[in-house]
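Q: how does the following fold in three dimensions:
(one chain, ligands or ions: 1)
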Amino acid sequence: MLVSEAHGPKNLIIAMKKAVSTMLLFMSMGTAAIAQSPIELTVQLDRPAGAISPHMWGVFFEDINLGADGGIYAELVKNRSFEFDQPWMGWKKLENGPEGTYLLLNDNQRKGNKRYLRLNNVSNLKLGLENEGFRGMGVKAGEQYVFSLQYRSEAGDMNIMLEVLNEQDKVIGTATMPLRSSGTWTESAVKFAVSSTTAKGKLRIWFTGTGKLDVDMLSLFPVDTWKQRPKGLRKDMVQLLADMKPGFIRFPGGCIVEGRDLANRFQWKKTVGPIGERELIINRWNTEFKHRLTPDYYQTFGLGFYEYFLLAEDIGAAPVPILNCGMACQFNTAELAPLDQLDEYVQDALDLIEFANGSVETKWGKLRATMGHPEPFHLKMIGVGNENWGPQYIERLEVFKKALNAKYPEIEIIASSGTDPEGDRFDFLNDKLRAMQIDIIDEHYYRPPSWFLSSASRYDNYDRKGPKIFAGEYASHTTRPNGPGRSTWEAALSEAAFMTGLERNADVVQMASYAPLFGHVDGWQWSPDLIWVDNLQSYGTPSYQVQKLYSTNKGSDIIPVRRDGQPVAGKDSLYASAVYDKNAGELIVKVVNYNSKPMQVSLSITSNKKIADRGQKVTLASHDLNNSNSIEDPLRIQPKQESIIRKGKKLTESFAPYSLTVIKLPAK
Ligand code: AHR
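A: Next up, the predicted model:
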């Protein structure tokens with residue numbers, strides 16, 4: 001609009017005000033004019049399409065990105081038993097003393113943990129060790145910590161003095177511990193508090209007294225672990241898992257199952273029994289990626305198979321162990337155990353079932369009982385191989401299948417369909433696995449958001465009579481390869497869209513888990529991850545929020561949602577699925593709006609149940625697809641709940657731009 005200057009400034013202001021209000025009116029008329037008429041969806045509550053497995057949404061745990069050591073396993077001392085290839089990694093000697101003061105002994109008679117440190121204090125020096133922790137030690141003001149060690153002393157009275165220091169080298173916690181002279185190995189512990197919080201602390205251990213002192217398993221744990229278990233797991237990290245109410249937990253991986261070579265494979269039997277006797281191995285992710293070398297990454301197995309089963313039980317998840325099938329990682333050495341030497345591998349699988357479920361009279365059931373769990377762990381499925389491929393895999397799998405089916409026909413076998421969800425390798429394995437009537441096929445997909453969006457109908461036409469599907473590892477990668485993929489809202493929302501397809505086909509896709517689970521901000525190798533941690537805090541990414549919304553609203557029966565008689569799988573960037581929850585008597589509809597504008601959607605519910613007019617609407621949304629959560633802003637993207645009212649037969653709602661919405665209506 002033109003305004004003549006001759007009318008003076010006052011008139012100019014009035015004219016401008018008019019112009020603005022006319023513009024606003026025009027804009028609002030414009031919006032009304034372009035307002036989209038609601039998209040009509042039919043929710044067929046009266047036509048349930050199959051049961052949803054209680055194990056539908058689970059978690060995938062692998063010791064990658066400092067997931068176990070330096071992560072959920074709450075030990076603060078790195079290389080506590082000097083067993084790393086470089087025995088002094090993580091340690092510093094504070095006073096050297098004369099030659100021969102610090103000696104590293106390797107005693108072949110000791111099980112698992114062969115090395116120990118001899119402090120040979122000939123002239124009553126104050127000797128000391130300093131441990132740097134895993135990228136520092138995270139300790140919190142007012143919290144209590146337990147230092148423990150194994151020792152053997154052939155001297156008179158000796159003492160230990162402990163100091164926890166913060167980043168500025170200020171002492172924030174101290175304790176003393178007298179050591180009795182004794183010719184045998186003894187464990188001793190002391191509890192103390194720290195006065196301030198630091199994410200990057202360190203531990204100093206001073207030794208006084210004259211004589212020879214042997215020490216091993218120098219360890220520092222918070223008292224406040226998950227369920228207050230001594231030497232247990234990080235409470236905040238387990239809590240994030242428990243909050244998801246996962247249907248299962250897959251462990252211990254991932255490629256870690258395979259190892260770089262067979263010697264480096266995961267062997268569950270070496271991870272059970274007394275912790276001090278568990279032989280550590282180098283973590284395969286230690287040098288896997290040149291851009292993310294992690295030379296101090298080892299698996300001490302303080303978190304071993306017993307602890308995995310216990311964790312599963314704690315969080316109400318079915319245990320899903322994946323075992324090595326006689327093949328090392330095919331991206332690394334691709335070593336194979338010869339077919340006539342597979343017995344050991346097969347026996348490990350059979351014995352694991354006995355360890356989990358066997359009576360306390362059996363060898364492995366007895367070990368479980370000795371470790372504190374006489375009750376069985378109710379193992380129902382077992383994975384044979386992770387991301388293995390080729391005829392060499394099928395040959396080995398056949399041997400496992402025969403032995404497992406013969407001894408434990410009730411145990412379902414999960415088998416890998418390789419690294420990719422399509423292509424020659426996938427087709428070969430898919431055909432073979434179906435022909436051999438494997439129970440569950442483990443499919444993996446690390447793909448860009450566009451793949452997730454366009455694959456929401458992947459399972460709509462899958463064979464209903466063949467094996468069930470386990471979407472065992474997946475994540476939407478906005479940057480691949482090598483780039484540090486961020487778990488943005490774009491990635492999470494594309495996963496949410498895809499997951500409507502998993503839910504709609506839950507009669508064939510019976511389990512699904514995002515991967516990997518944890519990433520340490522200072523020690524990761526692979527990104528994106530579901531949950532990020534530093535030494536003190538943890539938070540769920542937008543993908544975590546999506547997973548949690550699905551798993552806490554999983555329902556018991558699939559309810560078809562149709563648009564013009566078709567599944568709602570991407571037309572107009574709209575995705576939907578629904579379930580009925582028998583226990584709660586609730587209809588739960590999930591809608592993904594992958595548009596930058598709100599979408600009006602009208603839900604007509606065909607039902608033989610009485611549907612309440614009032615319900616809940618939970619929205620997870622961000623207008624910016626690049627948004628994410630962070631340590632500083634952990635809940636930037638989080639669900640928001642509001643009440644809704646259904647007026648008349650239909651429920652018409654506006655779905656926010658770029659949103660996952662869960663609608664819940666009582667229906668009894
Ligand atoms: O989740 C990270 C890795 O991705 C897993 O170890 C492996 O199975 C897959 O390639």
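
Q: ok, now which ones touch whichever residue of the stretch 551-668 of the chain sits closest to the ligand?
A: Relative to the ligand, the nearest point of the stretch 551-668 of the chain is Ser551 (18.7 Å; C-beta to the nearest ligand atom). For every residue, glycine as well, the C-beta is placed using N, CA and C. Ser551 makes contacts with Met56, Trp57, Gly58, Met244, Lys245, Pro246, Gly247, as judged by C-beta atoms under 8 Å, 6 or more residues apart in numbering.

Q: which residues touch the last one?
A: Listed by C-beta under 8 Å, 6+ apart, the contact partners of Gly247 are Ser53, Pro54, His55, Met56, Trp57, Gly58, Ala317, Ala318, Met511, Ser551, Lys554.

Q: hey, where'd the helices end up in the stretch 451-600 of the chain?
A: For the stretch 451-600 of the chain, the helices defined by DSSP state H, counting those that start in this stretch occupy 489-504, 542-551.

Q: single out the most deeply packed of those helices.
A: helix 489-504 (a mean of 27; mean count of other C-beta atoms under 10 Å).

Q: next, the angle helix 542-551 makes with that one.
A: Angle of helix 489-504 versus helix 542-551, following axes from the mean of the first three to the mean of the last three C-alpha atoms, to 10 degrees, is 20 degrees.

Q: now Leu429: how far from Glu422?
A: Distance, Leu429 to Glu422, by C-beta to C-beta, to the nearest Å: 11 Å.

Q: do you know the pLDDT at whichever residue of the stretch 1-150 of the chain sits closest to the ligand?
A: Proximity of the stretch 1-150 of the chain to the ligand (C-beta to the nearest ligand atom) peaks at Glu62, 5.3 Å away. According to the prediction, Glu62 has pLDDT 98.

Q: quick one on the thing from earlier: so for Leu429 and Glu422, which residue has more residues nearby?
A: Per other C-beta atoms under 10 Å, whichever of Leu429 and Glu422 has more neighbours is Leu429, with 25 against 16.

Q: check for me that the more buried one belongs to a helix.
A: Yes: assigned with DSSP: H, G, I helix; E, B strand; the rest coil, Leu429 falls within a helix.

Q: mark which of the contacts of Gly247 are buried, thanks.
A: Using 16 or more other C-beta atoms under 10 Å as the burial test, the contacts of Gly247 include Ser53, His55, Met56, Trp57, Gly58, Ala317, Ala318, Met511, Ser551, Lys554 as buried.

Q: dig out what Val146 forms beta bridges with.
A: Beta bridges link Val146 to Lys191, Phe221 when assigned by DSSP bridges.

Q: show me what contacts it?
A: Applying C-beta under 8 Å, 6+ apart, the residues contacting Val146 are Ala189, Val190, Lys191, Leu220, Phe221, Pro222, Val223, Pro230, Lys231.

Q: which PyMOL command selects the buried ones in those residues?
A: Restricted to buried positions by 16+ other C-beta under 10 Å, the PyMOL selection for the contacts of Val146 reads:
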select buried, resi 220+221+222+231
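
Q: need the contacts of Val146 in TSV (columns: distance to Tyr73).
A: Putting those into TSV (distance: C-beta to C-beta, whole Å) gives the following:
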residue	distance to Tyr73
Ala189	18
Val190	21
Lys191	19
Leu220	13
Phe221	9
Pro222	12
Val223	15
Pro230	13
Lys231	9
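
Q: in this structure, which segments are predicted with low confidence?
A: Along the chain, the parts satisfying pLDDT under 70 run over 1-35, 155, 480-484.

Q: get me the contact residues on it for the ligand.
A: Proximity of the chain to the ligand, by C-beta under 6 Å from any ligand atom, involves residues Glu62, Ile64, Gly253, Gly254, Cys255, Asn386, Glu387, Thr419, Glu473, Ala515, Pro516, Trp526.

Q: re earlier: quick check, nearest of the contacts of Val146 to the ligand?
A: Lys231 (26.3 Å).

Q: secondary structure element holding that closest one?
A: Counting by DSSP states H and E, no helix or strand carries Lys231.

Q: so what's it closest to, chain neighbours aside?
A: Distance criterion C-beta to C-beta, 6 or more residues apart in numbering; nearest residue to Lys231, sequence neighbours excluded, is Phe221 at 5.2 Å.

Q: cool, and Ala49?
A: Counting by C-beta to C-beta, 6+ apart, the residue nearest Ala49 is Ile558, at 4.4 Å.

Q: if I read this right, that neighbour contacts Ala506, doesn't it?
A: Yes: in this structure, Ile558 is within contact of Ala506 by C-beta atoms under 8 Å, at 5.3 Å.

Q: joint contacts of the two?
A: Joint contacts of Ile558 and Ala506 (C-beta under 8 Å, 6+ apart) are Gly50, Ala51, Ile52, Val579.

Q: burial of the last one, as a residue count?
A: In this case it means Val579. 24.

Q: tell me how far it lies from Ile588.
A: In terms of C-beta to C-beta, Val579 sits 5 Å off from Ile588.

Q: shared neighbours, these two?
A: Asn553, Gly555.

Q: now distance to Asp624 too, for the helices of the stretch 451-600 of the chain, in TSV please.
A: As requested, the helices of the stretch 451-600 of the chain are arranged in TSV below (distance: least, C-beta to C-beta, whole Å):
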stretch	distance to Asp624
helix 489-504	7
helix 542-551	11
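
Q: out of the ones you listed, which gets nearest to Leu651?
A: helix 489-504 (17.7 Å; C-beta to C-beta).

Q: which elements pack onto that closest one?
A: The contact analysis (3 or more C-beta pairs under 8 Å, 6 or more residues apart in numbering; DSSP states H and E) places helix 489-504 against helix 449-454, strand 468-476, strand 509-514, helix 542-551, strand 574-581, strand 586-593, strand 659-666.

Q: could I get it in PDB with only the CA atoms?
A: Below are the C-alpha coordinates for helix 489-504, written out as PDB (Å, rounded to 0.1, in the frame of the first residue of the first chain):
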ATOM      1  CA  TRP A 489      14.400 -35.100  15.000                       C
ATOM      2  CA  GLU A 490      14.600 -35.900  11.300                       C
ATOM      3  CA  ALA A 491      16.100 -39.300  12.000                       C
ATOM      4  CA  ALA A 492      13.700 -40.000  14.900                       C
ATOM      5  CA  LEU A 493      10.600 -39.000  13.000                       C
ATOM      6  CA  SER A 494      11.500 -41.100  10.000                       C
ATOM      7  CA  GLU A 495      12.000 -44.100  12.400                       C
ATOM      8  CA  ALA A 496       8.600 -43.300  13.900                       C
ATOM      9  CA  ALA A 497       7.000 -43.400  10.400                       C
ATOM     10  CA  PHE A 498       8.600 -46.700   9.600                       C
ATOM     11  CA  MET A 499       7.600 -48.100  13.000                       C
ATOM     12  CA  THR A 500       3.900 -47.600  12.100                       C
ATOM     13  CA  GLY A 501       4.700 -50.300   9.400                       C
ATOM     14  CA  LEU A 502       6.300 -52.600  12.000                       C
ATOM     15  CA  GLU A 503       3.300 -52.100  14.300                       C
ATOM     16  CA  ARG A 504       0.800 -52.700  11.500                       C
END
